[in-house]
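In: 3D model of this:
(one chain, ligands or ions: 1)
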Amino acid sequence: MEYAFFEGKFVPIEEAKINIKTNSFHYGTAIFEGIRAYWNEEHQQLYILFAREHYQRLLRNCKAMFMELPYSVEDLVNITVELLRKNQIKEDVYIRPIVYFKDLKLTPKLIDYTPEIAIYTYNFGRYLDTSKGIRVKVSSWRRNDDNSIPSRWKVAGAYVNSALAKTEALLAGYDEAIMLNQHGFVAEGSGENIFLIREGKAITPSYSEHILEGITRSAVKKLLKNELVVEIEERPVARSELYVADEIFLTGTAAEITPVVEVDNRKIGGGDVGAITKELQDIYFRAVRGMIERYFGWLTPVYEK
Ligand SMILES: Cc1ncc(COP(=O)(O)O)c(C=O)c1O
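Out: Predicted coordinates for the structure are as follows:
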């Protein structure tokens, strides 16, 4: 039996249904998260990656959207652990918490409504090709500006912007889109942050470039600094700089670390996965599966031993 956490309790997934009059369904005023858990066969253990960090971001975003939940970060981590146990998950899995206004009322506003949280598990598999790398297109769609719909928050309505850019890229024969912000500088992918490598240095757009405050981005910054001893510059990145980069990769919970081998039909570096990207992937994929002791702090084990 597959369960979801819905309206304060665990229910069979078929019963986790919302009414078509639900306010957030109409206006995209929901805040969501994407979390991965990795199965380690040898340890017979499922590890949730950055559980606390995802729920901290969720609650921060909810606060900004006037969605006060009766749960702490600890409560939400515990509920997620229980959900994974109930669903007896023994493989890699994706977890989707979503907070929405459950009121059956129309009017797009954020006050005088009641927020509710639902959490369910999803078999995502690989989101993008992390081994061979992907071809991307700079989108004709610009990333939402902070003064229209903040990209900093994982707010459901903002993903119309992602969907437009991703669709344009797919229809043109590419795997993913890179969006520029309203000022014409590189922002991020439709569901990923971006890093460039130039002359041994890593470059990534800073938080002020109208991007999501990515949790994988933060982890990758630590790995670059501590493991690969690569210097990081956070600054505006022009579109033309993408074409002359030695390596490019995207980061995200779903996308993990995805190499970009081509941008707008220009090969990046030699047109295959770069050396720094490869080394970074190797450490990241071992760390998330509980294979590197110094990164155990990233993980929440699901099963009691
Ligand atoms: C637009 C966007 N940027 C970046 C990311 C990467 O964020 P994180 O590493 O926290 O998953 C995501 C995915 O959640 C996203 O949707």
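
In: which helix or which strand is home to the closest residue to residue 271 other than its chain neighbours?
Out: Distances taken as Cβ to Cβ, 6 or more residues apart in numbering place residue 261 nearest to residue 271, at 5.6 Å, with adjacent residues excluded. Where C-beta positions appear, they are placed from N, C-alpha and C, glycine not excepted. Using DSSP states H and E, residue 261 sits within strand 256-263.

In: each with direction, which strands does that strand pair with?
Out: Here strand 256-263 has these sheet partners by DSSP bridges: strand 134-138 (parallel), strand 247-252 (antiparallel), strand 266-267 (antiparallel).

In: what's the burial count for the spatially closest residue to residue 108 that is not a sequence neighbour?
Out: Closest residue to residue 108 apart from its sequence neighbours, by Cβ to Cβ, 6+ apart: residue 27 at 4.2 Å. Neighbourhood size, residue 27 [other Cβ atoms under 10 Å]: 16.

In: any idea how far residue 27 lies from the ligand?
Out: 19 Å (Cβ to the nearest ligand atom, to the nearest Å).

In: need the pLDDT of that residue.
Out: Note for residue 27: predicted pLDDT of 98.

In: so it sits against residue 157, correct?
Out: Yes. In this structure, residue 27 is within contact of residue 157 by Cβ atoms under 8 Å, at 6.7 Å.

In: residues touching residue 184, list them.
Out: 238, 239 (Cβ atoms under 8 Å, 6 or more residues apart in numbering).

In: centre of the chain versus the strand holding residue 261, how much separation?
Out: Distance of strand 256-263 from its chain centroid, counting by Cα atoms, centre = their mean, to the nearest Å, is 15 Å.

In: same deal with stretch 69-85?
Out: So, by Cα atoms, centre = their mean, the centroid of stretch 69-85 is 19 Å from its chain's centroid.

In: now do that stretch: everything it contacts.
Out: 3-5, 10, 35, 37, 46, 48, 51-52, 55-56, 58-59, 62, 93, 95, 97, 99, 115, 117, 119-121, 300, 302-303.

In: which among these count as buried?
Out: Among the contacts of stretch 69-85, those that count as buried by neighbour count (16 or more other Cβ atoms under 10 Å) are 3-5, 35, 37, 46, 48, 51, 55, 58-59, 62, 93, 95, 97, 99, 115, 117, 119-121, 300, 302.

In: what's the helix or strand that contains residue 57 packed up against?
Out: Taking DSSP H and E as the definition, one finds residue 57 inside helix 51-64. Contacts defined by 3 or more Cβ pairs under 8 Å, 6 or more residues apart in numbering; DSSP states H and E place helix 51-64 against strand 31-32, helix 73-86, strand 93-101, helix 215-226.

In: I'd like these laid out as a markdown table, including distance to the ligand.
Out: As requested, these are exported to a markdown table (distance: least, Cβ to the nearest ligand atom, whole Å):
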| stretch | distance to the ligand |
| --- | --- |
| strand 31-32 | 9 |
| helix 73-86 | 15 |
| strand 93-101 | 11 |
| helix 215-226 | 3 |
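
In: would you turn these into JSON lines with mean pLDDT?
Out: Output for the helices and strands packed on helix 51-64, formatted as JSON lines (pLDDT from 0 to 100):
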{"stretch": "strand 31-32", "mean pLDDT": "98"}
{"stretch": "helix 73-86", "mean pLDDT": "98"}
{"stretch": "strand 93-101", "mean pLDDT": "98"}
{"stretch": "helix 215-226", "mean pLDDT": "98"}
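
In: so can I have CSV of those showing distance to residue 153?
Out: Shown next, in CSV, are those (distance: least, Cβ to Cβ, whole Å):
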stretch, distance to residue 153
strand 31-32, 7
helix 73-86, 17
strand 93-101, 11
helix 215-226, 13
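
In: and residue 71, backbone torsions?
Out: As for residue 71, its main-chain torsions (degrees, to the nearest 10) stand at phi -120, psi 140.

In: count of residues packed around it?
Out: Per other Cβ under 10 Å, the neighbour tally for residue 71 reads 17.

In: also the one 5 residues further on?
Out: Residue crowding around residue 76 was assessed by other Cβ under 10 Å; the count is 23.

In: for the protein, which residues are neighbours of the ligand?
Out: 34, 162, 188, 191-193, 212, 214-217, 251-253 (Cβ under 6 Å from any ligand atom).
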